[in-house]
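Colleague: Okay, here's the prediction I keep looking at, along with the sequence it came from:
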Amino acid sequence: MDATPAFHPALDYVLHRMQEVQGFMSPLDAGMFMALDLAQKGAGIEGDLGEIGVFHGRVTFLLANLARADERVHAIDIFDMYFPNPPYNLPDDFIGNALRLKMEMALFHLVKADTTKEADRVVSEIGQGKTRLFHVDGDHRLVHILADSKIALEATQKDGVIVFDDVFSYLMPEVTEGVMRSLAGRADFVPLALSPNKAYFCPPHLKSRYAAYLIECLPNNLDREVRRLLDHWVLTFSAEKPVIMRHLDLVQGGDEAALHRSILAQQKDFPLPP
Ligand SMILES: C[S@@+](CC[C@H](N)C(=O)[O-])C[C@H]1O[C@@H](n2cnc3c(N)ncnc32)[C@H](O)[C@@H]1O
């Protein structure tokens with residue numbers, strides 16, 4: 001019997017292939033997605049994975065590497081809907097990359113839609129409350145952020161995580177406004193963590209569990225100062241430090257039950273900063 005543990009396919013993708021795919025996901029955010037996925041697998045949280053804004057597939061392929069055998073990846077994009085008039089995103093780029101990376105094509109559920117015009121169709125195609133990890137990274141204008149946030153909130157299951165791209169960029173204040181307007185005062189999804197590029201929201205009853213996985217799996221990336229956002233504490237992760245990922249190489253080969261036990265011994269909760 002081969003004693004070599006199977007290498008975590010998502011880690012393999014992030015370390016060796018992700019840079020080949022044009023797009024915007026950083027290694028830090030990739031590590032955060034993997035840590036949150038590990039938390040969900042440890043807690044038995046099931047569901048599909050989804051993304052609005054596929055582009056060439058950089059993030060979609062990470063989601064595909066995290067999906068269990070019976071889970072699908074909803075890849076939602078305007079693609080070439082208005083071709084030859086922009087905005088458009090040729091699906092060939094995504095499909096070509098998927099084939100080159102030998103992705104299992106049946107895993108993907110491609111949804112071609114202008115999310116500002118067909119939000120209801122998108123939700124009915126991907127299902128209400130069925131997605132465990134949802135990445136919002138479509139057009140960054142306000143009307144898009146409001147529509148895409150609504151889709152994400154409706155599609156994500158009650159234990160899931162929603163991630164928004166570019167929430168605090170001074171170049172795109174509409175994203176800040178749209179996400180804050182959509183998430184402020186909600187009891188079902190609250191701020192969990194911020195990276196230089198993304199904002200992570202989760203249900204309050206799982207926040208300390210998700211936080212433990214982020215802190216334990218990314219030990220060197222935490223700005224220890226816990227900050228405040230929308231009346232909740234939120235973890236901030238630094239862009240300045242090298243990205244260290246821990247534990248993820250033990251997935252699919254090591255003693256996973258022991259791994260979850262040791263991470264959960266560290267469940268994190270923090271007082272709300274003034
Ligand atoms: C910034 S790119 C996504 C980047 C990708 N998530 C990554 O990290 O590599 C934005 C994507 O949003 C898509 N998009 C723009 N307007 C859209 C709309 N109205 N409905 C759906 N998708 C849209 C574009 O086609 C493009 O692929």
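Modeller: Nice, I can see it. Just so we're clear, the structure is a prediction, and the values are computed from it rather than from any experiment.
Colleague: Identify the bridge partners of L235.
Modeller: A193 (DSSP bridges).
Colleague: per-residue confidence at P87?
Modeller: In this prediction, P87 carries a pLDDT score of 69.
Colleague: Equivalent analysis for F164, please.
Modeller: The predicted local distance difference test score for F164 is 98.
Colleague: Relative to F237, how far out is F55?
Modeller: Taking CB to CB, to the nearest Å as the criterion, F55 is separated from F237 by 23 Å. The way it works is simple: take the backbone N, C-alpha and C, and place the C-beta from them, glycine included.
Colleague: do M172 as well
Modeller: M172 sits 20 Å away from F237 when distances are taken as CB to CB.
Colleague: The two: who's more crowded?
Modeller: Under the neighbour definition other CB atoms under 10 Å, M172 and F237 were set side by side, and F237 has more, 23 against 17.
Colleague: how about that one, phi and psi?
Modeller: According to degrees, to the nearest 10, the main-chain angles of F237 amount to phi -110, psi 140.
Colleague: measure it to the ligand for me?
Modeller: 17 Å (CB to the nearest ligand atom, to the nearest Å).
Colleague: Equivalent analysis for I52, please.
Modeller: Counting by CB to the nearest ligand atom, the gap from I52 to the ligand is 6 Å.
Colleague: for the longest helix belonging to the chain, packing partners?
Modeller: Within the chain, and with DSSP state H defining each element, the longest helix by residue count is helix 27-43. Under the contact criterion of 3 or more CB pairs under 8 Å, 6 or more residues apart in numbering; DSSP states H and E, the helices and strands touching helix 27-43 comprise helix 9-12, helix 58-66, strand 131-136, strand 156-165, strand 198-202, helix 207-217, helix 256-264.
Colleague: For the ligand, what is the nearest residue in the stretch 151-274 of the chain?
Modeller: Residue of the stretch 151-274 of the chain nearest the ligand, by CB to the nearest ligand atom: D165 (6.7 Å).
Colleague: That residue: neighbour count?
Modeller: Here the count is done by other CB under 10 Å, and D165 has 25 residues near it.
Colleague: Mind listing the residues bridging to it?
Modeller: K198.
Colleague: thinking again about what came up before, what about the longest helix of the chain, near the ligand?
Modeller: No - when contact is scored as CB under 6 Å from any ligand atom, no part of helix 27-43 falls within range of the ligand; the minimum is 8.8 Å.
Colleague: Give the buried residues for that helix.
Modeller: By 16 or more other CB atoms under 10 Å, the buried positions in helix 27-43 come out as 28-42.
Colleague: And for stretch 252-271?
Modeller: L259, H260, I263, L264, K268.
Colleague: Pick out the lowest-pLDDT one from these.
Modeller: Checking pLDDT across the buried residues of stretch 252-271, the minimum falls on K268 at 85.
Colleague: tell me the contacts of that one?
Modeller: When the contact criterion is CB atoms under 8 Å, 6 or more residues apart in numbering, the partners of K268 are S208, A211, A212, I215.
Colleague: how about CSV for the residues you listed, with neighbour count added?
Modeller: Formatted as CSV, those follow (neighbours: other CB atoms under 10 Å):
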residue, neighbour count
S208, 15
A211, 26
A212, 22
I215, 20
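Colleague: what's the closest of the residues you listed to L15?
Modeller: Lowest distance from L15 to these (CB to CB) belongs to I215, with 21.3 Å.
Colleague: Do I have it right that the closest one meets V226?
Modeller: No - under the criterion of CB atoms under 8 Å, I215 is not in contact with V226, lying 10.4 Å apart.
Colleague: what is in contact with the two at once?
Modeller: With contacts defined as CB under 8 Å, 6+ apart, the residues shared by I215 and V226 are L235.
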